[in-house]
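A.B. asks: Give me a 3D structure for the following:
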Amino acid sequence: MDIHSLMGRASTMMSGKRNDDSMCDRLNYRYTVAILVIFAIINMNRLYTDQIKCWVPAFFTPNYDEYVRSVCFVQNTYYIKHTDKVPKKYENKKENEILYYQWIPFLLLIKAFLFYIPRMSWNTFGLKSGVQISDLVESSFDYKLPTTDAIHRQMCLKYVIDTIDDYCNDHRRQINTRKHLNIFQRILTAGWCLTGIYLGNYLVVLYTTTKLMYIGISIFQIFILSILLGSNFAFYGVRVIDRLFRGISWDTETRLFPKTTLCDFTVREFGHPKQAHEYTVPCVLPQNLFNQQMFTLLYFWYAIVILLNIADFVLWLYTISSENRRSFICKRLHSKKYPLTDKTKDQEKIKIFVNDYLEADGFFMLTLIKENSSDFVATEIIYRLYTEKFLEKYFKETTTTTIYDAIDIKPYDDYTNNTKRRQPLCSMIC
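C.D. replies: Coordinates of the predicted model:
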């Protein structure tokens with residue numbers, strides 16, 4: 001059992017749902033979104049119950065006190081070290097403004113929505129392929145369950161096999177219908193999933209694009225926080241770890257999450273618009289004590305998500321490579337349950353089965369079934385597809401078409417030689 005299968009089973013146990021993606025994808029759109037929404041709710045509650053507290057002169061009435069708190073909360077305060085003098089120039093104060101604390105709940109909700117965009121894209125454009133992968137995974141999982149009725153289990157298996165066969169054996173996806181495309185047309189159609197629905201790589205390109213979106217969005221989150229907090233948030237966690245190793249408390253007063261700030265406001269005299277009194281008062285931001293802990297946790301969570309996204313993408317590129325696809329199929333056709341027989345020892349037919357019949361999309365469906373149900377179910381499906389669909393239907397039809405298309409009767413070796421001369425580029429994704 002590989003890493004993908006273990007992660008898929010762990011996610012299924014925690015969520016109780018069948019999935020049409022990998023555990024790393026669910027880490028983005030399910031668990032990260034849940035964390036951000038929970039933090040947004042907590043922050044929203046704390047924001048309007050414990051906003052800001054300011055020290056005001058003793059002669060201020062309670063109404064003035066409430067006015068000062070409201071003004072300092074609405075407008076931005078600024079941070080100056082206790083050992084420094086308060087600057088008189090407006091420009092110097094503007095450089096040290098704290099811009100974010102009023103908007104944190106809304107920012108967290110926006111960040112949660114950004115993490116869900118790739119999932120929305122996968123669900124929306126995945127339906128255009130004509131096959132519902134989540135239904136295939138659900139049926140495969142039901143087939144695996146020993147408590148399921150035997151008749152229902154066979155119906156589930158038949159549904160999965162027939163669905164994959166209908167998709168892979170569609171005449172619009174056959175090699176012969178794509179012979180007129182030159183190498184530049186193949187590159188163009190393979191590079192954009194919406195134009196490659198009948199190239200046999202629609203789902204693979206769409207899924208690869210989704211993974212790239214997860215990587216881009218998880219990295220973009222760090223830049224959003226850097227702009228909002230007014231500091232380079234990319235190295236915030238490194239500084240936290242450095243302070244801990246040096247024995248310095250990580251929640252020490254900093255420019256990034258100050259606990260005390262300064263606020264300037266003006267009180268005008270009624271009836272005398274030209275007379276106004278300017279005040280500078282210190283304010284306490286209790287919310288920043290929670291914000292510092294929250295963003296520290298989010299930083300390390302983002303770091304883990306980014307690393308896992310990149311590693312999962314590299315692993316995915318290896319998984320869909322032509323050599324790994326052929327090895328994956330051969331290993332399961334020659335398993336202990338299905339020992340080497342006359343039907344499964346012909347390597348040329350297996351090569352055609354992988355490259356021309358399944359292609360990238362068929363292999364992709366089998367991979368998700370293996371990750372989200374079990375390798376046993378995937379092996380059963382592969383064997384039945386190969387012996388009952390490919391050998392008895394696809395291969396005979398392809399051989400007959402090849403014979404009648406040729407002027408002279410060509411043996412099977414010529415057909416396999418033509419197969420070997422397929423474009424190298426399309427051997428991976430077409």
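
A.B. asks: What segments of the stretch 201-350 of the chain are helices?
C.D. replies: 202-229, 236-245, 287-319, 322-333, 347-352 (DSSP state H, counting those that start in this stretch).

A.B. asks: Quickly, which of those helices bottoms out on average pLDDT?
C.D. replies: Mean pLDDT per stretch puts helix 236-245 lowest among these, at a mean of 79.

A.B. asks: how far out from the middle of the chain is that one?
C.D. replies: 28 Å (Cα atoms, centre = their mean, to the nearest Å).

A.B. asks: quick one, it and helix 287-319 angle?
C.D. replies: Angle of helix 236-245 versus helix 287-319, following axes from the mean of the first three to the mean of the last three Cα atoms, to 10 degrees, is 120 degrees.

A.B. asks: Between helix 202-229 and helix 236-245, find me the angle.
C.D. replies: Using the same axes, to 10 degrees: helix 236-245 against helix 202-229 is 60 degrees.

A.B. asks: Quick check: buried residues in helix 236-245?
C.D. replies: 236, 237, 240 (16 or more other Cβ atoms under 10 Å). Where you see a C-beta, it was placed from the backbone N, CA and C, and this is true even at glycine.

A.B. asks: do stretch 126-141 as well
C.D. replies: 126, 129, 131, 133, 134, 136, 137, 138, 139, 140, 141.

A.B. asks: Which of those sits closest to residue 299?
C.D. replies: Distance to residue 299 across those (Cβ to Cβ) is lowest for residue 126, with 32.2 Å.

A.B. asks: can you pull the contacts of the closest one?
C.D. replies: Residues counted as contacts of residue 126 (Cβ atoms under 8 Å, 6 or more residues apart in numbering) are 20, 133, 203, 206.

A.B. asks: Would you check how far apart it and residue 138 are?
C.D. replies: Residue 126 sits 15 Å away from residue 138, going by Cβ to Cβ, to the nearest Å.

A.B. asks: and what of residue 238?
C.D. replies: The gap separating residue 238 from residue 138 is 44 Å, by Cβ to Cβ.

A.B. asks: just to revisit the earlier point, want to try JSON lines for the helices of the stretch 201-350 of the chain, with distance to residue 267 as columns?
C.D. replies: Listed next are the helices of the stretch 201-350 of the chain as JSON lines, based on distance: least, Cβ to Cβ, whole Å:
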{"stretch": "helix 202-229", "distance to residue 267": "31"}
{"stretch": "helix 236-245", "distance to residue 267": "38"}
{"stretch": "helix 287-319", "distance to residue 267": "26"}
{"stretch": "helix 322-333", "distance to residue 267": "73"}
{"stretch": "helix 347-352", "distance to residue 267": "84"}
